[in-house]
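1. Curious how this folds, go ahead:
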Amino acid sequence: MLKKNSIPDAEILELNSKDTLIDHLEILTMKKYDIYAFSVYIWNYEITKKIIRALKKINPSSIVIVGGPQLAFEDLKYNFKQLCCDVIILGEGETPLKKIYKDISIIKSDMSEFGIYSKDLNYEKKEINDYFEKDLSSIDLIDKDDIKDKVLSFAYTETSRGCPFDCSYCTSGNKIPVRNHPVDKVLKNISSLSASGINTLRVIDRTFNVNEKRAMSIMSYILKNCPDILYQFEIRADIMSDEFLEFLRNVPKGRFQLEIGVQTLNPKVLEKVERKEKENRLLENIRGLTEKRNLSIHLDLIAGLPDDYIESVFYTIDILGRLMPDILQINILKMLPGTSIIKKARDYNILFESEPPYSVLKSDTFTFEDIRYIDNISKTINVFYNSNFLKNSFFYLINKKQIPASVIFRQLCDHTLKKKNLIHSIARMNVYRIFVDFLNTTGLFDEEFEKIVFLDHTITSKDPKERFQFKEKENMDIRKEKKQKIKKTIFDENTVFTLKNIITKDKKKFPEKENLYDKELYGDNGEYYCYFSYKEKKRKIIDDIKRKKIVELIYDKKANSLEKMLKICDVDKEVLEKELLYMLEEEIITLR
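-> A predicted model of the protein is given here:
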């Protein structure tokens, strides 16, 4: 939006946070730019600082401008020193950047009235409230033409700026008024972006339903006129009317995702952080949103709030867990610069990281061990619950077995830490293995539960070859010994290979498994299929030409021993041995 509204001929360079500093610098210095402008957030502050410092060494005459929410409330001198930049823009950037673009020399003058600060001048910084676009009607939104050269799965847009609430831990409100883009402009923008080929459109308004009538009109327009993709909104559930709730309950399945900040269900804590919320109305509305399962519901919690404590966090998890949201996210409180809570940190003995992301480390009511444990539980929820791999299983545990959600997540967290030491991204099949192992240790894994876990596995499986088995991987020594034994048997001249399952050469295809048939590899003359009796699943057993040839030889009984195969197959002994080993391990063939 800054490019579109301020510097139309600017070049947008997107850097990947996974790349190295040298990679970033290479992209930035391909052309000799005169001016660089960086948007600084809590999540990219450190890497941006390194990039600018290095950039200034390579190209000292370039002018570096920085802005963004991370700088809005920090001390100016501190930021100039840390970032080695020439200009800092406070507040919303469209107008300041436009002025700099028209006349770069203005940075040598006092332009603080527009939120522009230069390193060589002394200022008395004004309140951030002074720097915002008062009229959004002149601000152009990003549309389809702006992203036509990019391959994106999602895009962002906004319909308003500002937040009417003053939660003490958040920078979004801070007494900056809510300003709306004209509705006709918003509808035109959403129509354009949603037709650009993206899968998801994220509306980044801080509280989309502040003006409920306006929110409903925009959502209604989307449902009637826009493509069938996912649209995401951040809302407050406690201020929803019955009319808005009923409207949302009738939205077609898969169209909207609603992110709702619950934070905590402890009323005393909510009062401490100046968040006025109607708890009964909140839970009633969330229940109404989740029970029809037509919406994707994302609930956010914050751990580490003043006067809160770990048992209170678990209580909130228990209550919300019974509602079965699609995503349940726990965040550790961040003491953001400019928030009113940071001024009261000493009152609650809150200690936090001195650098971004400023996460709380301990307080009067939370030990460091509490914070660490909640963080691990949050990761457990992300891996096992939010991944959507085990939704029926968790529903069964929480709502059928009546086990509190926090108890399940805590025990699962402890079990996973014993197995993995650290909780991180875990492969899907390992998620199932760990979960089933956990159920076995608790005595919960019975025949009925096995069916439910199997259902979850079947629903989420995208690979027709994947077998449903939750056995722990064999010890490496045992696997090695087993492999050596098979290898030795292969070279026994009396060994005969047979196909374990029924093989057919029919040209028949299975409509429900159309992707099993690989015309490019096998042509139109049919395919080999292996029929496994387990759950009547049809599985493809041939992965490449070599295995196809081996199966064909055994099937036709032209060659069912290693010696015969070597005479017919145009491959050396080592390759053939490797293929036979694989096929024996996968039980495609057996020894006789």
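2. so where do the strands sit in the stretch 1-150 of the chain?
-> Here the stretch 1-150 of the chain has its strands, by DSSP state E, counting those that start in this stretch, at 35-39, 63-67, 87-89, 116-118.
3. Name the strands paired with the first one and say parallel or antiparallel.
-> Just to be clear, that refers to strand 35-39. Partners of strand 35-39 in the sheet, by DSSP bridges, are strand 63-67 (parallel).
4. export the strand it pairs with as CSV, just CAs?
-> The C-alpha coordinates for strand 63-67 follow below in CSV (Å, rounded to 0.1, in the frame of the first residue of the first chain):
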residue,chain,number,x,y,z
ILE,A,63,19.5,6.9,2.6
VAL,A,64,17.8,4.4,4.9
ILE,A,65,14.2,5.1,6.1
VAL,A,66,12.5,2.9,8.7
GLY,A,67,9.0,2.8,10.0
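5. which residues sit against that strand?
-> Identification of contacts with strand 63-67 by C-beta atoms under 8 Å, 6 or more residues apart in numbering yields 34-40, 48, 52, 55-56, 79, 83-90, 93, 96-97, 100, 104, 107. C-beta here means a position set from N, CA and C on the backbone, and glycine is covered the same way.
6. hmm, try it at 10 Å
-> Contacts to strand 63-67, defined as C-beta atoms under 10 Å, 6 or more residues apart in numbering, come from residues 2, 33-40, 48-49, 51-53, 55-56, 79-80, 83-93, 96-97, 100, 104, 107, 115-116, 118-119, 131.
7. Run through the stretch 451-592 of the chain and note the low-pLDDT ranges.
-> Across the stretch 451-592 of the chain, residues meeting the criterion (pLDDT under 70) sit at 462-480, 482-483, 485-494, 499-549, 552, 555-558, 570-571, 586-588, 592.
8. Of the strands of the stretch 1-150 of the chain, give the one that comes closest to residue 417.
-> Among the strands of the stretch 1-150 of the chain, the nearest to residue 417 by C-beta to C-beta is strand 35-39 (37.2 Å).
9. In the closest one, which residues are buried?
-> 35-38 (16 or more other C-beta atoms under 10 Å).
10. Near the closest residue to residue 342 other than its chain neighbours, how many other residues are there?
-> Nearest residue to residue 342, sequence neighbours excluded (C-beta to C-beta, 6 or more residues apart in numbering): residue 335, at 4.9 Å. Residue 335: 21 surrounding residues under other C-beta atoms under 10 Å.
11. could you dump the buried residues of strand 35-39 to a markdown table with distance to residue 397 and pLDDT?
-> Output for the buried residues of strand 35-39, formatted as a markdown table (distance: C-beta to C-beta, whole Å; pLDDT from 0 to 100):
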| residue | distance to residue 397 | pLDDT |
| --- | --- | --- |
| 35 | 57 | 93 |
| 36 | 53 | 95 |
| 37 | 51 | 94 |
| 38 | 47 | 94 |
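12. can you redo those as a markdown table with distance to residue 219?
-> What follows is these, written out as a markdown table (distance: C-beta to C-beta, whole Å):
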| residue | distance to residue 219 |
| --- | --- |
| 35 | 40 |
| 36 | 39 |
| 37 | 35 |
| 38 | 35 |
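13. ok, the residues you listed vs residue 160, which is closest?
-> residue 37 (24.6 Å).
14. residue contacts, that closest one?
-> The contact partners of residue 37, taken as C-beta under 10 Å, 6+ apart, are 2-3, 6-7, 10, 63-68, 85, 87, 89, 93, 97, 100-101.
15. what's the answer for residue 360, then?
-> By C-beta under 10 Å, 6+ apart, the neighbours of residue 360 are 302-306, 332-335, 345, 348, 350-353, 366, 368, 371.
16. before we move on, the earlier item: so of the contacts of strand 63-67, which ones are in helices?
-> Secondary structure from DSSP state H places 2, 48-49, 51-53, 55-56, 79-80, 83, 96-97, 100 of the contacts of strand 63-67 in helices.
17. Weed out the non-buried ones from those residues.
-> Buried among the ones in helices among the contacts of strand 63-67 (16+ other C-beta under 10 Å): 2, 48-49, 51-52, 55-56, 79-80, 83, 96-97, 100.
18. does residue 317 really touch residue 329, like I thought?
-> No - counting by C-beta atoms under 10 Å, residue 317 stays clear of residue 329, with 11.1 Å between them.
19. so what sits against both of these two?
-> Joint contacts of residue 317 and residue 329 (C-beta under 10 Å, 6+ apart) are 299, 301, 378, 381.
20. which of the residues you listed sit farthest apart?
-> Counting by C-beta to C-beta, the most remote pair of those is 299 and 378, 12.7 Å apart.
21. and for these two, which residues touch both?
-> 317, 328-330.
22. now, the most widely separated pair of those residues?
-> 317 and 329, at 11.1 Å, using C-beta to C-beta across those.
23. More neighbours: these two, which one.
-> residue 317 (27 against 17).
24. Give me the pLDDT for the more buried one.
-> pLDDT for residue 317: 98.
25. could you say which helix or strand contains it?
-> Taking DSSP states H and E as the definition, one finds residue 317 inside helix 310-321.
26. Equivalent analysis for residue 224, please.
-> helix 212-225.
27. Skipping its backbone neighbours, what lies nearest residue 51 in space?
-> residue 24 (5.2 Å).
28. what does residue 221 give?
-> residue 187 (5.2 Å).
29. circling back to that earlier point, isn't the residue nearest to residue 51 right next to residue 16, touching?
-> Yes - using C-beta under 10 Å, residue 24 makes contact with residue 16 at a distance of 8.4 Å.
30. just the buried ones among the ones in helices among the contacts of strand 63-67 now: which is nearest residue 339?
-> The nearest one, if we look at these relative to residue 339 and count by C-beta to C-beta, is residue 79, at 17.2 Å.
31. need the contact list for that closest one.
-> 40, 45, 49, 66, 70-71, 85, 88, 90, 117, 119.
32. go on, residue 280?
-> Counting by C-beta under 10 Å, 6+ apart, residue 280 makes contact with residue 238.
33. which SS class is it?
-> helix (DSSP: H, G, I helix; E, B strand; the rest coil).
34. would JSON lines of the contacts of residue 79 with distance to residue 445 and pLDDT be doable?
-> As requested, these are arranged in JSON lines below (distance: C-beta to C-beta, whole Å; pLDDT from 0 to 100):
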{"residue": "40", "distance to residue 445": "49", "pLDDT": "92"}
{"residue": "45", "distance to residue 445": "46", "pLDDT": "91"}
{"residue": "49", "distance to residue 445": "50", "pLDDT": "94"}
{"residue": "66", "distance to residue 445": "55", "pLDDT": "96"}
{"residue": "70", "distance to residue 445": "47", "pLDDT": "85"}
{"residue": "71", "distance to residue 445": "53", "pLDDT": "85"}
{"residue": "85", "distance to residue 445": "58", "pLDDT": "95"}
{"residue": "88", "distance to residue 445": "58", "pLDDT": "94"}
{"residue": "90", "distance to residue 445": "57", "pLDDT": "90"}
{"residue": "117", "distance to residue 445": "62", "pLDDT": "93"}
{"residue": "119", "distance to residue 445": "64", "pLDDT": "91"}
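35. got any ranges where the stretch 151-300 of the chain has weak pLDDT?
-> Using pLDDT under 70, the stretch 151-300 of the chain drops low at 173-175.
36. mind listing the helices for it?
-> 183-194, 212-225, 242-249, 267-272, 279-290 (DSSP state H, counting those that start in this stretch).
37. Buried residues in the fourth one, which are they?
-> Along helix 267-272, the positions that meet the burial threshold by neighbour count (16+ other C-beta under 10 Å) are 269-270, 272.
38. In JSON lines: these, plus distance to residue 406.
-> Below are these laid out as JSON lines (distance: C-beta to C-beta, whole Å):
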{"residue": "269", "distance to residue 406": "17"}
{"residue": "270", "distance to residue 406": "19"}
{"residue": "272", "distance to residue 406": "22"}
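39. Much appreciated, bye for now.
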